[in-house]
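Trainee: Sequence first, then the predicted structure, then my questions.
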Amino acid sequence: MATVDELIDKAIGLVHNVLNVSDEDLRTKVIDDIKEINTAYQDVKKIKYTDREKLADALAKEGLIDMFCKVHSAQTADKFFEEPFLTNAKKAKGNMWNLSDASNEVSERIGKSDIYEMLVKNLNAPEFHYSKMKNKDGTENKSLIYSMKADLGIMMNSLRRVPKNKYKFREVKGIEAVVPLIKSTFLIVKTKAIFTLAYAGDPDDTTILKSTSANIEFIIKKILEPAVESETHVGKRYSFSVEEVLESVHLMAMNDDNSLKMVELGILDVVLNVVDDPHKDKELYFALKLVWRLSFAAKNKKILGQSERLFKTLKKLTSKTDLTLENKNAVDGAWMELSDSFKEYLDSKLVKSDLPDKYGVETKMSSAHCMISYSWANQQLALRIKEELRSRNIPVWMDVEKMEGDVLTKMADAVESSFAVIICLSDAYKDSSACRSEASYAYKCKKQLIPVMMEADFAPKGWLGLLVGTSLYYNLFRDSEFDMSIEKIIGFISKESEIKVESASVTNSAPKPASGLELWTNEKTTDWLKNQMNITEVLRPLSNLDGKALKELQYLLKSQPEFTINFIRTELGVKEPIEFLHLLGSLRNL
C-alpha cells in the first residue's frame, strides 16, 4: 500500500492534470482525475486520520482552489445539471467539502478566492431554488440536494475554521443567498443553512439568526441528541459530530431569543450529558461555553439557577485539577453569571449555598486603576491606549499575557478596584462570553464605563448596545483621531477621578510608528518580509500581515519589547533564530 507521502504526491499530480484540462473537455467528458483526488483523500484518512490535514495543506499550495474554480466555472448555471459536466462538478465539490473540513489552509484560501461568489451565484440561479429539490413527480432531485449539501458544507467548514471569512462571505451577499434555504423541507439542508448562518451572521440581527422553535427543537432532538447517544459521538443519520453541533449551537445562542428557546426546549440535560462523558476535550469546551452563554439571558438565569444537576456539575468541575485553562474559565464564567440565582434557589430550600465568595457584587473602597476591557482581536490597539494613559501618570490594569489560575476572580478584583473601565467596542468584543461577563460585572458594580470604538463601521447592538446606551464613543481606530480622542479620555479621567494627570508637554510620549506603512498591501508586506528575512516563502500567520499590522508590530516592539518578542515567536510562528533576528533588526530600522 502507498505511503501518505506517496499519496500526497499522487494527488498533487492529479490536481495539476485537471488544471491542464480544457473547459470543453470538462463539459463533455468525465475527468477521472477529479474522482481520484477523493480516492487519495480516503486512502490517506485510512492510514492516519490526522494526515488528511497534511494532504489538504499540500493541495492548497499546489492549485486546489484554482482547480475548483476552473471546474465550477466551465459551465453556466442553466446547464449545470447536464451530464457529463455534472459528474465533474459533483466530484470537485465533494473534494472541496472534505478538504475544507480538514484544513485551515484550504479554508483560508477559500476566503481569498472567488469561491464564495461562485457558490452564491449558483444558489441565486432559478435552477438551484430549494423548491426544486423535489421533482414534479414527487421524487427527490438527488443531484440538486447533493449540490446544496456540498455548497453549504464548503461554506460552513471554511467559516468555522477561519472566522474572518465571514466578512468576505457577507460582502458577496452569501447570507442573503443562504437564508431562503431555511425554508427547505429537507431537514439536512435546513440545518446546514442554519449552522452556516450561525458562523456568518450577526447574532443580533434577528432577521438572520433568530430561529423558530421548530428548527431549534429539530437541532436538539434530531441532530444533537442522536450524536451524543452514538458510541462515536457522530450522528448516524445526519453525520454531525457532537463537537460540531455544540460549536454551532453556541453561536446560535449568542442571540438571546434563541438562547431562551433552547433552554425551554430542554437543551441543558443534553449538554450536561456531554459534560459528564466528553469524548474529547473540545466537546467539553463547547458544552461549557454553551452553558455560560445560556446563562446571560435573565429568564434563563432563574431556570438554570434551579437546576440541582447543573449546580452539582459545576461544583464538581471547580475542584478538578486537570481542566484546561479555557475550560476552567468557562466553568468560572457560568458560576459568576449564575451565583445569585443558585444562592436564591438554595436559600429557598434552606440549603447552605457553598458558592465561591468572589462572585458577589460588593465593591472594594479602594479605586486604584483604570481597567481596559478588550477582546484579544484588538490587543495591539488596546496596548497603545494603555501606554498613552500610563505615560500621563494614569494607573492602568490590563490583562496582557492571558491570566492563568483563577481568572474570573482576578477579573472581578480588577473591576472592583477600578475607578473606571474602558470598554473596547468591536465585533469580537460583542461576541465574547468573557467580555460580556467582564462588562456586565463592571456595570453591576456601578463603575464608570468609557466606551471606545476599536473598528470602523461597528455599531453596538444587543447586550452591548443596552450596556453602553447613548454614551459618547471615542474613536481610536483611525490614526488621525487617536491622539485627539486619547486627550478627551484623559480629560474625562482627570475630571472624574483624583488622579493627578501629567500634561502632555512634560511627559515622554510613547514612540510612534513609522509613517506610510499602513498603505502597504498584503502582497507588498510579504515581499518585504521575504527580502528582509532572506526567505523564499512566508508562512501563515506571518503571511497575513499587511502594512497597518506591520506598523503596529513596529510600534509594539518599541513600546512593549518583551511582549512583542514573545508574540512574534508564539503567535506569528517565527522560531528559526536567524530569521527571527533578521525580522527584529528590520522592524527596528523600518
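Mentor: Sure thing, it's come through.

Trainee: wait, S417 sits on V396?
Mentor: No - using Cβ atoms under 8 Å, S417 is not in contact with V396, being 12.0 Å away. From N, CA and C alone the C-beta is placed, and that goes for glycine too.

Trainee: which element is G333 on?
Mentor: In this assignment (DSSP states H and E), G333 forms part of helix 325-348.

Trainee: same check, this time on I422
Mentor: Per DSSP H and E: I422 is located in strand 418-425.

Trainee: helices or strands up against the next helix or strand after that strand?
Mentor: Remark: after strand 418-425, the chain's next helix or strand is helix 427-431, criterion DSSP H and E. Judged by 3 or more Cβ pairs under 8 Å, 6 or more residues apart in numbering; DSSP states H and E, helix 427-431 is in contact with helix 462-468.

Trainee: Which secondary structure elements does the helix it packs on sit against?
Mentor: For helix 462-468, the packing partners by 3+ Cβ pairs under 8 Å, 6+ apart come out as strand 418-425, helix 427-431, helix 433-444, strand 448-453.

Trainee: can you list the residues that contact it?
Mentor: Outside of helix 462-468, the residues within contact range by Cβ atoms under 8 Å, 6 or more residues apart in numbering are 203-204, 255-256, 296, 423, 425, 429-430, 436, 439-440, 443, 449, 451, 459-460.

Trainee: And these, which of them are buried?
Mentor: Buried members of the contacts of helix 462-468, counted by 16 or more other Cβ atoms under 10 Å: 203-204, 255-256, 296, 423, 425, 429-430, 436, 439-440, 443, 449, 451, 460.

Trainee: where does the nearest residue to V263 once chain neighbours are set aside land on pLDDT?
Mentor: Nearest non-adjacent residue to V263, counting by Cβ to Cβ, 6 or more residues apart in numbering: N300, 4.9 Å away. At N300, the pLDDT value in this model is 94.

Trainee: do the same with the one 4 residues further on
Mentor: If you check L304, the pLDDT there is 93.

Trainee: quick one: it and V263 touch, right?
Mentor: Yes - L304 lies in contact with V263 (Cβ under 8 Å); the separation is 7.0 Å.

Trainee: quick one: which of those two has more around it?
Mentor: More crowded of L304 and V263, by other Cβ atoms under 10 Å: L304, with 23 against 20.

Trainee: Contact partners for L224?
Mentor: Applying Cβ under 8 Å, 6+ apart to L224 gives the contacts 242, 245-246, 249, 267, 270.

Trainee: Give me the nearest residue to P180, chain neighbours excluded.
Mentor: Nearest to P180 is Y130, by Cβ to Cβ, 6+ apart, at 6.2 Å.

Trainee: could you measure that neighbour against F186, distance?
Mentor: Distance from Y130 to F186, counting by Cβ to Cβ, to the nearest Å: 8 Å.

Trainee: K10 too?
Mentor: Taken as Cβ to Cβ, the span from K10 to F186 is 36 Å.

Trainee: These two: which has the busier surroundings?
Mentor: Each of K10 and F186 has its neighbours counted (other Cβ under 10 Å); F186 has more, 18 against 15.

Trainee: Correct me if wrong: the more buried one contacts I145.
Mentor: Yes - look at F186 against I145 with Cβ under 8 Å: they come within range, at 6.2 Å.

Trainee: what sits in contact with each of these two?
Mentor: Residues touching both F186 and I145 (Cβ under 8 Å, 6+ apart) are M133.

Trainee: rewinding a little: show the backbone phi and psi for the residue nearest to P180.
Mentor: phi -60, psi -20 (degrees, to the nearest 10).

Trainee: Run through the residues that contact it.
Mentor: Here Y130 is in contact with 148, 180-181, 183-184, 186, 189 (Cβ under 8 Å, 6+ apart).

Trainee: Recalculate using a threshold of 7 Å.
Mentor: Going by Cβ atoms under 7 Å, 6 or more residues apart in numbering, Y130 touches 180-181, 183-184, 189.

Trainee: Same question for V452.
Mentor: 422-425, 473-474, 476.

Trainee: element containing D527, please.
Mentor: Using DSSP H and E, D527 sits within helix 522-533.

Trainee: angle of the helix or strand following that helix against helix 522-533?
Mentor: Per DSSP H and E, the first helix or strand lying C-terminal to helix 522-533 is helix 547-559. Per axes from the mean of the first three to the mean of the last three Cα atoms, to 10 degrees, the angle that helix 547-559 makes with helix 522-533 is 40 degrees.

Trainee: Could you list every helix and strand in contact with helix 547-559?
Mentor: If you count contacts as 3 or more Cβ pairs under 7 Å, 6 or more residues apart in numbering; DSSP states H and E, helix 547-559 packs onto helix 379-390, helix 561-570, helix 577-589.

Trainee: between S417 and V396, what contacts are shared?
Mentor: Counting by Cβ under 7 Å, 6+ apart, the residues touching both S417 and V396 are H369.

Trainee: quick one: the strands in the chain?
Mentor: Ranges of strands in the chain, per DSSP state E, are 369-373, 396-397, 418-425, 448-453, 474-475.

Trainee: Relative to the fourth one, what are the paired strands and their orientations?
Mentor: Counting by DSSP bridges, the strands paired with strand 448-453 are strand 418-425 (parallel), strand 474-475 (parallel).

Trainee: One more: the first one?
Mentor: Using DSSP bridges, the strands paired with strand 369-373 are strand 396-397 (parallel), strand 418-425 (parallel).

Trainee: For L123, which of those is the nearest?
Mentor: Across the strands paired with strand 369-373, L123 has its closest neighbour in strand 418-425 (33.2 Å, Cβ to Cβ).

Trainee: any idea which of the strands paired with strand 369-373 is most buried?
Mentor: Highest mean neighbour count of the strands paired with strand 369-373: strand 418-425, a mean of 25 (counted as mean count of other Cβ atoms under 10 Å).

Trainee: That one to helix 433-444, inter-axis angle?
Mentor: Following the same axes, to 10 degrees, one obtains 140 degrees for the angle between strand 418-425 and helix 433-444.

Trainee: Strand 418-425 versus helix 379-390: what angle between them?
Mentor: Strand 418-425 and helix 379-390 are oriented at 150 degrees to each other (the same axes, to 10 degrees).

Trainee: about what we covered before: now the helix holding G333: mean pLDDT?
Mentor: Helix 325-348 carries an average pLDDT of 78.

Trainee: Next, the buried residues of it.
Mentor: Those would be 326-343, 345-346, for helix 325-348 by 16+ other Cβ under 10 Å.

Trainee: Packing partners of that helix?
Mentor: Looks like helix 325-348 contacts helix 281-294, helix 298-305, helix 308-318, helix 407-416, helix 433-444 (3+ Cβ pairs under 7 Å, 6+ apart).

Trainee: residue closest to the middle of this protein?
Mentor: Residue closest to the mean C-alpha point of the chain, counted by Cα atoms, centre = their mean, is P163 at 4.3 Å.

Trainee: Model confidence for that one, exactly?
Mentor: Here, the pLDDT recorded for P163 equals 88.

Trainee: which phi and psi does it have?
Mentor: Dihedral pair for P163: phi -60, psi -30, per degrees, to the nearest 10.

Trainee: Now it: closest residue in space, sequence neighbours ignored.
Mentor: Nearest residue to P163, sequence neighbours excluded (Cβ to Cβ, 6+ apart): Y199, at 7.3 Å.

Trainee: if I read this right, the one you found contacts R160, doesn't it?
Mentor: Yes - Y199 is in contact with R160 according to Cβ atoms under 7 Å; the separation is 5.4 Å.

Trainee: So for stretch 142-152, mean pLDDT?
Mentor: 94.

Trainee: ok, and what's touching that stretch?
Mentor: With Cβ under 7 Å, 6+ apart as the test, stretch 142-152 has contacts from 81, 86, 90, 93-94, 97, 119, 123, 128, 132-133, 186, 188-189, 192-193, 196.
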